[in-house]
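In: Sequence first, predicted model second:
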Amino acid sequence: MLTKVYGSAVFGVEATTITIEVNMDKGIGYHLVGLPDNAIKESSYRIAAALKNNGFAMPGKKITINMAPADLRKEGSAYDLTLAVGILAASNQIKTDQVEQYVIMGELSLDGSLQPVKGALPIAIKAREEGFKGFFLPIQNVKEAAIVDGLDVFGVTNLRQVVDFFEGKDGVEPTKIDIQSEFYEMRDAHDADFSEVKGQEGIKRCMEIAAAGGHNIILIGPPGSGKTMLAKRLPSILPPMTLREALETTKIHSVAGKLKEAGLMTQRPFRSPHHTVSNVALVGGGSYPQPGEISMAHNGVLFLDELPEFKRDVLEVMRQPLEDREVTISRAKFTITYPSSFMLVASMNPSPGGYFNDPDAPVASSPAEMQRYLNKISGPLLDRIDIHIEVTPVPFEKLSSMQNAETSSDVRTRVTKAREIQGERFASCTGIHYNAQMGTKHLREFCRLDEGSLVLLKSAMERLNLSARAYDRILKVSRTIADLDGSASVLSSHIAEAIQYRSLDRDGWLG
């Protein structure tokens, strides 16, 4: 007897439906074809034990299973439940003709219980697109899959529940989630708040500008000055995610298996990889390609603490994703593209000892040592960072002050208003949503300067020995400052403020 059941394979952030054809014939044997990997080949042992421990039997016949399309490599243990249901249906241990109406995925334990799988959300989206009636998957993944409306999503804990459903017995019910209410209820909840940062008003202003324009930023300062504390609170002042952004972000984390029984992601991600991270872990890839840290930070913040300690080749692989907002991983037989639109926040000490031109510092570094340390960061990477700001230690008076600081909610209101202005400005520009994404053409159109501003900018570049690459960055940042002020044009005061956010372009830093 021939039976068809359906599973799904995930490539990149999209799913492809896999048809599992199970044929029973005279003889003895178990033949699995269709380019399965080792985890799938080993499934026969898990399936046999699970069937026996749940009152079923592995048929003593010749079992031939084909995973179509046969030229597409299948990976992982998530097909255990699909294969088990197919074997039971083909051997008439399940008497039903409904299995072909459902997508079935899950890893079996030897007792028949189910382990979670990766990529439940894109699989559910594909199942709805192709007109399937429902989707069976482990209970641990049910919240992320239930995001998809128009599809019955069944979270099950063991093989017996699936069999009972197809035999018409009462039991498992589809999971329903009110996405709209859950999304809008949780998206403004943040664990950290800007009000917890004492002092550093100038740096907070700088972070507000970075958030308003989507600008990449680097913080330079001695240990204990608050760089990491400020960076961790940046997501709390970014505009709330839209439902579309939340679905995009959830899909990536679902593919990576990082949701851990959570449903829709309502807050912008904050990723902070250690400086020992490899280039594959950062941008994605591997034998079985997975999204890297820059894709996990999509629509959020990627924080690189102690930037000069990262390997140079690791930092260099970020250059193209920073420009294109996506990363493409190519292999001999396929190409996968992961989205990677993130804000880069980096921090660093100004010298190996951590202190810069401070005669009272406990560890002193020579000018040559400082220059060698700073030169670990390449010019092309710095060229993609709009804002460089020096962070100074907070004095005792500010640390001990009981005065309430401005909350993240207050700052986020101004940031959101500035982003709305940019959204209207770039409504007709494809692929541009905020100021940091502007090219030369848009700078000429939206950042026209009056005579006084041009004179100021020219004087600053000559006196501070600013590099040519600083010119465009200053214009972009000044445009954001103008948006925060509600100004239609860029004024000399906006240029003056933007100039001070180019510390590393000044003579004595990186040349």
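Out: That came through fine. Residues are numbered from 1 along each chain as shown.
In: so where is the stretch 301-450 of the chain shaky, pLDDT-wise?
Out: 354-365 (pLDDT under 70).
In: Tell me where it has strands.
Out: Along the stretch 301-450 of the chain, counting by DSSP state E, counting those that start in this stretch, strands occupy 301-304, 326-330, 335-339, 343-348, 387-390.
In: Who are the packing partners of the worst-scoring helix or strand of the chain on mean pLDDT?
Out: Across the helices and strands of the chain, mean pLDDT, DSSP states H and E gives its lowest value to helix 179-186, namely a mean of 72. Applying 3 or more C-beta pairs under 8 Å, 6 or more residues apart in numbering; DSSP states H and E, one finds that helix 179-186 contacts helix 243-255. C-beta coordinates here come from the backbone N, C-alpha and C atoms, glycine included.
In: list the buried ones in the helix it packs on?
Out: 245-255 (16 or more other C-beta atoms under 10 Å).
In: Okay, helices next: where are they in the stretch 201-350 of the chain?
Out: For the stretch 201-350 of the chain, the helices defined by DSSP state H, counting those that start in this stretch occupy 201-213, 227-232, 243-255, 279-283, 293-296, 312-316, 319-324.
In: Which among those helices is found nearest to Thr96?
Out: Closest to Thr96 of these is helix 243-255 (C-beta to C-beta; 29.3 Å).
In: Check what contacts that closest one and list those residues.
Out: 10, 12-13, 118-122, 125, 144, 147, 179-180, 183, 187, 241, 259, 263-266, 268-269, 290-291, 295-296, 298-300, 338-339 (C-beta atoms under 8 Å, 6 or more residues apart in numbering).
In: Just the buried subset of these, please.
Out: 10, 12-13, 118-122, 125, 144, 147, 179, 183, 187, 241, 259, 263-266, 268-269, 290-291, 295-296, 298-300, 338-339.
In: Show me the shaky parts of the stretch 151-300 of the chain.
Out: Ranges of the stretch 151-300 of the chain meeting pLDDT under 70: 185-189, 260-261.
In: at 90 what do you get?
Out: For the stretch 151-300 of the chain, residues meeting the criterion pLDDT under 90 lie at 168-172, 176-202, 220-226, 241-244, 257-267, 285-290.
In: quick revisit: looking at the buried residues of helix 243-255, which one is closest to Asp111?
Out: Ser254 (26.4 Å).
In: Quick one: residues contacting Ile143.
Out: Let me fix one detail, which is that residue 143 is Lys and not Ile. Contacts of Lys143 by C-beta under 8 Å, 6+ apart are 175, 177, 259, 261-263.
In: And Gln500, by the same measure?
Out: Contacts of Gln500 (C-beta under 8 Å, 6+ apart): none.
In: Check Thr157 too.
Out: Counted by C-beta under 8 Å, 6+ apart, Thr157 has contacts 113-114, 138-139.
In: Is it possible to get CSV of those that adds secondary structure, neighbour count and distance to Val197?
Out: Formatted as CSV, the contacts of Thr157 follow (DSSP: H, G, I helix; E, B strand; the rest coil; neighbours: other C-beta atoms under 10 Å; distance: C-beta to C-beta, whole Å):
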residue, secondary structure, neighbour count, distance to Val197
Ser113, strand, 19, 47
Leu114, strand, 27, 45
Pro138, strand, 24, 41
Ile139, helix, 19, 41
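In: what's the pLDDT at the spatially closest residue to Asn141 that is not a sequence neighbour?
Out: Distance criterion C-beta to C-beta, 6 or more residues apart in numbering; nearest residue to Asn141, sequence neighbours excluded, is Ala120 at 4.0 Å. Looking at Ala120, its pLDDT stands at 95.
In: same check, this time on the one 3 residues further on
Out: Ile123 carries a pLDDT value of 97.
In: buried set for stretch 300-312?
Out: 300-305, 307-308, 310.
In: who's in contact with Asp191?
Out: Neighbours of Asp191 in contact, by C-beta under 8 Å, 6+ apart: none.
In: To clarify, my last question referred to Gly286.
Out: Val280.
In: and it, how far is that from Lys118?
Out: 13 Å (C-beta to C-beta, to the nearest Å).
In: Go ahead and measure how far the longest strand seen in the chain is from the middle of the chain.
Out: The strand that spans the most residues within the chain, counting by DSSP state E, is strand 14-25. Mean C-alpha position of strand 14-25 versus that of the full chain (C-alpha atoms, centre = their mean, to the nearest Å) differs by 31 Å.
In: and that strand, which residues are buried?
Out: Applying 16+ other C-beta under 10 Å to strand 14-25 flags 14-15, 17-18, 20-24 as buried.
In: pLDDT (mean, whole number) over that strand?
Out: 95.
In: Contacts for it, please.
Out: With C-beta under 8 Å, 6+ apart, strand 14-25 has contacts from 1-10, 59, 61-69, 72, 74, 79, 82-83, 86-87, 89-91, 103, 119, 122-123, 125-127, 130.
In: out of these, which are inside helices?
Out: 82-83, 86-87, 89-90, 122-123, 125-127 (DSSP state H).
In: Name the nearest of these relative to Leu464.
Out: Taking C-beta to C-beta as the measure, Pro122 is the one of these closest to Leu464, at 49.6 Å.
In: so what's the closest one closest to, chain neighbours aside?
Out: Pro122 sits nearest to Ala15 (C-beta to C-beta, 6+ apart), 4.3 Å away.
In: So which residues of the stretch 351-500 of the chain form helices?
Out: Along the stretch 351-500 of the chain, counting by DSSP H, counting those that start in this stretch, helices occupy 367-374, 379-382, 396-399, 408-425, 440-446, 451-463, 469-485, 492-499.
In: Nearest to His215, out of those?
Out: helix 469-485 (6.3 Å).
In: what number of residues lie near Phe334?
Out: 12 (other C-beta atoms under 10 Å).
In: and it, how far is that from Thr407?
Out: For Phe334, the distance to Thr407 - C-beta to C-beta - is 47 Å.
In: Now do the contacts for Ile499.
Out: 456-457, 460, 464, 466, 474.
In: Of those, select the buried ones using a PyMOL command.
Out: A single PyMOL command selects the buried members of the contacts of Ile499 (16+ other C-beta under 10 Å):
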select buried, resi 456+457+460+464+466+474
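In: Which single one of the contacts of Ile499 is nearest to Glu196?
Out: Of all the contacts of Ile499, Glu196 sits closest to Ile474, with 31.1 Å by C-beta to C-beta.
In: Just give the closest residue to that closest one, not the sequence neighbours.
Out: Ala498 is the one closest to Ile474 (C-beta to C-beta, 6+ apart), at 4.6 Å.
In: ditto for Arg325
Out: Excluding its sequence neighbours, the residue lying closest to Arg325 (C-beta to C-beta, 6+ apart) is Ser341, at 4.1 Å.
In: Hmm, Tyr373 is touching Pro308, no?
Out: Yes - if you go by C-beta atoms under 8 Å, Tyr373 and Pro308 touch, sitting 5.7 Å apart.
In: What is the neighbour count of Tyr149?
Out: Tyr isn't right for residue 149; it's Asp. Counted with other C-beta under 10 Å, the neighbours of Asp149 add up to 11.
In: ditto for Met402
Out: Counted with other C-beta under 10 Å, Met402 comes out at 5.
In: Can you pull the phi/psi pair for it?
Out: phi -100, psi 10 (degrees, to the nearest 10).
In: give me every residue that touches His275.
Out: Shown in contact with His275 (C-beta under 8 Å, 6+ apart): 304-306, 309-310.
In: Tell me who's in contact with the residue nearest to the spatial centre of the chain.
Out: For the chain, the residue nearest the mean C-alpha position is Met296 (2.3 Å; C-alpha atoms, centre = their mean). Taking C-beta under 8 Å, 6+ apart, we find Met296 in contact with 252-253, 256, 258, 269, 271.
In: cool, Ile147 as well?
Out: Contacts of Ile147 by C-beta under 8 Å, 6+ apart are 121, 124, 177, 179, 247, 250, 263-264.
In: And for Ile237?
Out: Here Ile237 is in contact with 194, 207-208, 211, 408, 411-412, 415 (criterion: C-beta under 8 Å, 6+ apart).
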